[in-house]
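Student: Build the 3D model from these lines:
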Amino acid sequence: MTQVDKEACMDAYNQVRDDSTEYSWAAFKYDDSTIVPAGLGADFEEFKKLCTDDCRLYGFVRIMTGDAMSKRAKFTFITWIGKGIVGMQLAKITTDRALVKEIVQNFAKEFSFNDQKELDEDSIRLELKKSGGSNYDAQAE
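Tutor: Coordinates of the predicted model:
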């Protein structure tokens with residue numbers, strides 16, 4: 001049965017949510033049957049490098065959205081399922097994702113990816129913007 005290192009994962013999650021840190025993402029990976037932090041970073045490309053074909057990974061990512069009138073941080077929860085994941089590992093993702101979401105609770109949108117091409121910061125930002133409400137881009141600056 002999968003366990004979560006709740007204290008370590010909560011610390012990573014809170015560092016991404018904290019406006020005073022440089023961190024814009026936290027990743028959570030499997031260490032045998034325990035989900036642990038896989039890293040913190042400020043560059044989305046670093047997060048993408050962790051998303052390989054042979055791993056299952058969960059990510060909590062801060063993305064700046066907004067328009068000329070207002071900029072704001074939006075958060076997203078990403079489930080990465082590498083193309084090489086099969087069998088029981090694949091079957092457990094839904095249950096394990098729920099365990100991670102007990103810690104990672106505040107996010108605007110959730111994504112699930114298995115292709116590096118889909119893991120695009122601009123595309124994610126666009127989806128967050130669509131779900132974000134008011135958009136003043138059409139107004140003259």
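Student: Run the chain-centre distance for the top helix by length along the chain.
Tutor: Looking across the chain with DSSP state H, the single longest helix is helix 6-17. How far helix 6-17 lies from its chain's middle: 13 Å, per Cα atoms, centre = their mean, to the nearest Å.
Student: what about the strands in this structure?
Tutor: Secondary structure of the chain (DSSP state E): strands at 3-4, 25-31, 34-41, 56-66, 71-81, 109-113.
Student: Kindly reformat those as CSV containing mean pLDDT, mean neighbour count and distance to Ile103.
Tutor: C-beta here means a position set from N, CA and C on the backbone, and glycine is covered the same way. As requested, the strands of the chain are exported to CSV (pLDDT from 0 to 100; neighbours: other Cβ atoms under 10 Å; distance: least, Cβ to Cβ, whole Å):
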stretch, mean pLDDT, mean neighbour count, distance to Ile103
strand 3-4, 96, 15, 7
strand 25-31, 97, 20, 8
strand 34-41, 98, 18, 9
strand 56-66, 92, 21, 9
strand 71-81, 93, 18, 10
strand 109-113, 96, 16, 14
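Student: among these, which is nearest Arg125?
Tutor: Between Arg125 and those, the shortest separation by Cβ to Cβ is 5.1 Å, and it involves strand 56-66.
Student: relative to strand 34-41, how tilted is that closest one?
Tutor: Here the directions of strand 56-66 and strand 34-41 differ by 40 degrees (axes from the mean of the first three to the mean of the last three Cα atoms, to 10 degrees).
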